[in-house]
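**Student:** Kindly return the folded structure for what I paste below:
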Amino acid sequence: MADAFLSFAVQKLGDFLMQKVSLRKNLRKEIEWLKNELLFIQSFLKDAELKQCVDHRVQQWVFEINSVANDAVAILETYSFEADKGDDDEFASRLKACACIYRKEKKFYNVAEEIQSLKQRILDISRKRETYGITNINNNAGEGTSNQSAMVTTLRRTTSYVDDQDYIFVGLQDVVQKLLAQLLKAEPRRTVLSIYGMGGLGKTTLARNLYKNPNIASSFSTRAWICVSQEYNTMDLLKTIIKSIQGRTKGTLRLLETMTEGDLEVHLRVLLNERKYLVVVDDIWQREAWESLKRAFPDSKNGSRVIITTRKEDVAERADNRGFVHKLRFLSQEESWDLFCRKLLDVRAMVPAMESLANDMVEKCRGLPLAIVVLSGLLSHRGGLDKWQEVKDQLWKNIIEDKFIEVSCILSLSYNDLSTVLKQCFLYFGIFPEDRVLEAENIIRLWMAEGFVPNGEERMEDVAEGFLNELIRRSLVQVVNTFWEKVTECRVHDLLRDLAIQKASDTNLFDIYHPRKHSKSSSCIRLAIHGQGERYHLLDLSNLKLRSIMFFDQDFCTVFQHIYLFRHIYVLYLHLKGSGAIPDAIGSLYHLKFLGLRGICHLPSSIGNLRNLQTLAITGFGYTCQLPSETADLINLRHLIVPYSKPLAYISKFTSLQVLQNICCDQWKDVDPVDLVNLRELSMDSIRNFYSLNNISSLKNLSTLRLRCYVDESFPSLEFVNCCEKLQKLFLYGIIEKLPLFPNSITMMLLENSKLTEDPMPILGMLPNLRDLQLRRAYLGKEIMCSDNSFSQLEFLHLTELEKIERWDLGTSAMPLIKGLGIDDCPNLKEIPETMKDVELLKRNYMW
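**Tutor:** Numbering: from 1, shown residues only. Modelled structure (predicted):
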């Protein structure tokens, strides 16, 4: 991990030397010395990181290297900020030239003095290296950059994620059926189904499987899911359930902010009183947590259910005196081997000798699914018999009295097998609150802002997606949701999060501040604050050289008192209670690359100073945000995700823009998109029939397009779509009077509320690359016809709420590759074509 810090620092020093051509000769020499010394130390890190587990002095040595690297970057960034600030007004600078001489001399002196201090620390680090016997075992020293580049390319090409239906439920099919029977049985009383067992057995996965089951979805009109975790807040849990039931409308959100805990409890009882509901209460640690919630779940004698998952037997047993308690068992050896093989990337490459080794290791996992899938992920990336033998030898060192492998050993070994860049990406998951479901795109953008993703020939977004897919392949990250072959939401298991926090603490990657457990580290560069804001009103952040600060508590506003001090930060992630505004001091965060805000309705004009900003993401249901005209100065912006309320005629200036979401047609109509050469994704709302969308054809690299009409209005002409030659994913929400011709590049399409009067299948069936098609309230006719040789590449078809359709004719050679069919709410469709009857049903709550 320290290698990542040094690589980042060396890169920054190199960039600084290239950009600051007017540096004084002595200062340039000092910086070159720093860069060369850090490169030299880097060659010893591999040996040091192997030794630090058994020698705390070496661990401290690695920690000191991290600290020096971070301080070197901070010093140069401060110098850059001050120098650039002085160059903003050339005329004023000339007028003040004489007055500035003294200040510049002092600035040069301060930088030189701080660099001298760094030199002494580096010399001390070199002396300790010899004392501790740390040697150079990095045979590839000097090749790190090229190796990393090759690895990045390989990852991108080989780790495209394939959905395996959320989780492979080996050996638990009987359990699923047993628990489904309990949930669906004719028992009118509200009952609690408790699932308990040790961490890693798959409690959450089992509960999610039940929650998503089509029979459950059709039986319980109201469903909600909450994660309690060890640190919980009853008010937040109640609000989460209410929002999932009532929706996140502006009125609901404002109402909830005014309620006490008692009010929330009463409000939820009223909401649920006449409904048949299912609520999953995941990861309860204390009985008190359930006691504080259960009063809000009424018993209306209509068959409502609650599912609880917990590691604690007493929590499960006492949740409901007449409820059902299930202790999740370990897998048998046969089931364990089955799971291992299913998760192995290439079973065919496993020769008999490797199979024997794997059998021994799987047996020592004692049937714990998490250990098995992580082991499988590790061995999948260790090719050959010798490498597998090495893994076994390392694991056997930690087995006492010929018993079992501790799951922590397997997790640590899998972590140690990661490359430096993947270690950073994995550890970053630990900065988020426990059990948090994370948006994949958000993780990717944060990694980019933090400098974890190299900027090379491939798009940084694509490279980062490859990193995420690799962690998923290794079973270090779990998939929560996918959408059309792409991961949209993910999480890490609690045990893996614990590992990430421990390793991050060892390497000083980040710190999670909690006043009752520990104080913040003075050398902390990334700080996360979880929990309730009132506990942190005395938190002093003024002496920290923070690179990132992330607040996950919407009541915490003290950050505004210190915001001008955070000149080094790359990431600011902040949730506010209600709607608010950001102070002008935000403009001083010159190095900021990621600004994620929630509940903000106004940004100051100083936002234009953030020339390095890559992502501006403002969320908050029911709120719109006013962006000042100075936003046009954000020349490096790649992702603009803001519900803005005023026209943005300057959008065409964002030549680096990759993603543009939440724009209204009113704001787009005056845009000249010819310079948006990098735009890949466009989402537009409130489209009216009298607008023209023809200028979208100028977006030559557009791959994803979402268009939504104003309520009950139809689209204007869509003929421009055929000119978007790289378009792959198309989402059209609104009435379409006539289908246009589509480009052959289309692979996925959704038509919703189209109300077509002509059968769309003849046109859609000719698309040569279409793999996924979803029609939802899209057609008003009674018959669809799919002729021979049509839909040659189609794999998934969803027909939803086609209420008038009665007949489906399918040519014998049509849809030869189909493997998934979903039919929902098509009440007049009496039968499906014979060739479709063996296709996997994606949903089962359809009506023939």
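
**Student:** Off-centre distance for stretch 662-682?
**Tutor:** Centroid separation for stretch 662-682 versus its chain: 25 Å, with C-alpha atoms, centre = their mean, to the nearest Å.

**Student:** end-to-end on that stretch?
**Tutor:** Using C-alpha to C-alpha, to the nearest Å, the gap from the first to the last residue of stretch 662-682 comes to 9 Å.

**Student:** Residue 479: helix or strand, and which one exactly?
**Tutor:** Assigned by DSSP states H and E, residue 479 belongs to strand 478-483.

**Student:** So which bits of that strand are buried?
**Tutor:** The neighbour-count check on strand 478-483 (16 or more other C-beta atoms under 10 Å) flags 478, 479, 480, 481, 482 as buried. Backbone N, C-alpha and C define where each C-beta goes, glycine included.

**Student:** Kindly state the beta-bridge partners for the residue lying closest to the third one once chain neighbours are set aside.
**Tutor:** Excluding its sequence neighbours, the residue lying closest to residue 480 (C-beta to C-beta, 6 or more residues apart in numbering) is residue 489, at 4.0 Å. Partner residues in beta bridges with residue 489, using DSSP bridges, are residue 439, residue 481.

**Student:** now, which of the buried residues of strand 478-483 sits nearest residue 429?
**Tutor:** Closest approach between the buried residues of strand 478-483 and residue 429, by C-beta to C-beta: residue 478, at 10.3 Å.

**Student:** Am I right that that closest one is in contact with residue 490?
**Tutor:** Yes: using C-beta atoms under 8 Å, residue 478 is in contact with residue 490, at 6.3 Å.

**Student:** which stretches of the stretch 251-400 of the chain have low pLDDT?
**Tutor:** 400 (pLDDT under 70).

**Student:** the strands in it, which residues?
**Tutor:** With DSSP state E, counting those that start in this stretch, the ranges of strands along the stretch 251-400 of the chain come out as 277-284, 305-310, 324-327.

**Student:** Packed most tightly, which of those would that be?
**Tutor:** Comparing the strands of the stretch 251-400 of the chain on average neighbours per residue, with mean count of other C-beta atoms under 10 Å, the densest one is strand 305-310 at a mean of 25.

**Student:** What helices and strands are in contact with it?
**Tutor:** Other helices and strands packing on strand 305-310, by 3 or more C-beta pairs under 8 Å, 6 or more residues apart in numbering; DSSP states H and E, are strand 191-196, helix 203-212, strand 277-284, helix 313-317.

**Student:** Of all these, which one is nearest residue 783?
**Tutor:** Among those, helix 203-212 comes nearest to residue 783, with 32.5 Å by C-beta to C-beta.

**Student:** Buried residues, the helix or strand that comes right after the closest one. List them.
**Tutor:** Using DSSP H and E, the helix or strand that directly follows helix 203-212 along the chain is helix 214-219. By neighbour count on 16+ other C-beta under 10 Å, the buried set for helix 214-219 is 216, 219.

**Student:** got it, and stretch 767-777?
**Tutor:** 767, 770, 771, 772, 773, 774, 775, 776, 777.

**Student:** shaky segments in the stretch 701-848 of the chain?
**Tutor:** In the stretch 701-848 of the chain (pLDDT under 70), the answer is 842-848.

**Student:** that older thread, any chance of the helices and strands packed on strand 305-310 in JSON lines, plus distance to residue 759?
**Tutor:** Shown next, in JSON lines, are those (distance: least, C-beta to C-beta, whole Å):
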{"stretch": "strand 191-196", "distance to residue 759": "46"}
{"stretch": "helix 203-212", "distance to residue 759": "32"}
{"stretch": "strand 277-284", "distance to residue 759": "39"}
{"stretch": "helix 313-317", "distance to residue 759": "54"}
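
**Student:** Between these, which one is closest to residue 430.
**Tutor:** In terms of C-beta to C-beta, the element of the helices and strands packed on strand 305-310 nearest to residue 430 is strand 277-284, at 16.4 Å.

**Student:** helices or strands next to the closest one in the packing?
**Tutor:** helix 203-212, strand 222-227, helix 287-294, strand 305-310.

**Student:** To residue 446, which of those lies closest?
**Tutor:** Closest among the helices and strands packed on strand 277-284, using C-beta to C-beta: strand 222-227, at 20.7 Å.

**Student:** Return the list of strands paired to the closest one, each annotated with direction.
**Tutor:** Partner strands for strand 222-227, per DSSP bridges, with pairing direction: strand 277-284 (parallel).

**Student:** any idea where the helices of the stretch 601-750 of the chain begin and end?
**Tutor:** Per DSSP state H, counting those that start in this stretch, the stretch 601-750 of the chain carries helices over the ranges 665-668.

**Student:** about what we covered before: ok now do the residue nearest to residue 480, which residues does it touch?
**Tutor:** For residue 489, the contacting residues are 437, 438, 439, 440, 479, 480, 481, by C-beta atoms under 8 Å, 6 or more residues apart in numbering.

**Student:** Of the residues you listed, which is the nearest to residue 299?
**Tutor:** Using C-beta to C-beta, the contacts of residue 489 come closest to residue 299 at residue 437, 29.2 Å.

**Student:** And the pLDDT for that closest one?
**Tutor:** Here the pLDDT value assigned to residue 437 is 90.

**Student:** and the closest residue to residue 378 other than its chain neighbours, how many neighbours does it have?
**Tutor:** Of all residues not flanking residue 378 in the chain, residue 414 sits nearest, at 4.4 Å (C-beta to C-beta, 6+ apart). Applying other C-beta atoms under 10 Å, we find 24 residues neighbouring residue 414.

**Student:** if we look at the helix or strand where residue 414 lies, which residues are touching it?
**Tutor:** Assigned by DSSP H and E, residue 414 belongs to helix 407-416. Defining contact as C-beta under 8 Å, 6+ apart, one finds that helix 407-416 is touched by 199-200, 365, 368, 370-371, 374-375, 377-378, 391, 394-395, 398, 423, 426, 474, 476, 495-496, 499, 503.

**Student:** Are any of the residues you listed buried, and if so which?
**Tutor:** By neighbour count, with 16+ other C-beta under 10 Å, the contacts of helix 407-416 hold 199-200, 365, 368, 370-371, 374-375, 377-378, 391, 395, 423, 426, 474, 476, 495-496, 499, 503 as buried.

**Student:** follow-up on the earlier one: so which of the contacts of residue 489 is the closest to residue 629?
**Tutor:** Closest to residue 629 out of those is residue 439 (29.5 Å), distances taken as C-beta to C-beta.

**Student:** Might one say that the closest one is in contact with residue 487?
**Tutor:** No: applying C-beta under 8 Å as the test, residue 439 and residue 487 come out as separate, 9.8 Å apart.

**Student:** Give the buried residues for stretch 596-614.
**Tutor:** 596-601, 603-604, 606-610, 612-614.

**Student:** among these, which one has the lowest pLDDT?
**Tutor:** pLDDT across the buried residues of stretch 596-614 is lowest for residue 599, at 71.

**Student:** quick one: secondary structure of it?
**Tutor:** strand (DSSP: H, G, I helix; E, B strand; the rest coil).

**Student:** rewinding a little: now could you export just the CA positions of the strand holding residue 479 as CSV?
**Tutor:** C-alpha atoms of strand 478-483 as CSV (Å, rounded to 0.1, in the frame of the first residue of the first chain):
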residue,chain,number,x,y,z
GLN,A,478,-20.6,-8.2,-3.5
VAL,A,479,-23.1,-7.2,-6.2
VAL,A,480,-26.4,-5.8,-4.9
ASN,A,481,-28.0,-4.8,-8.2
THR,A,482,-27.3,-4.9,-11.9
PHE,A,483,-28.9,-3.3,-14.8
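
**Student:** Which elements pack onto it?
**Tutor:** Strand 478-483 sits against strand 486-491, with contacts defined as 3+ C-beta pairs under 8 Å, 6+ apart.

**Student:** buried sites along the strand it packs on?
**Tutor:** Residues of strand 486-491 classed as buried: 486, 487, 489, 490, 491 (neighbour count, 16+ other C-beta under 10 Å).
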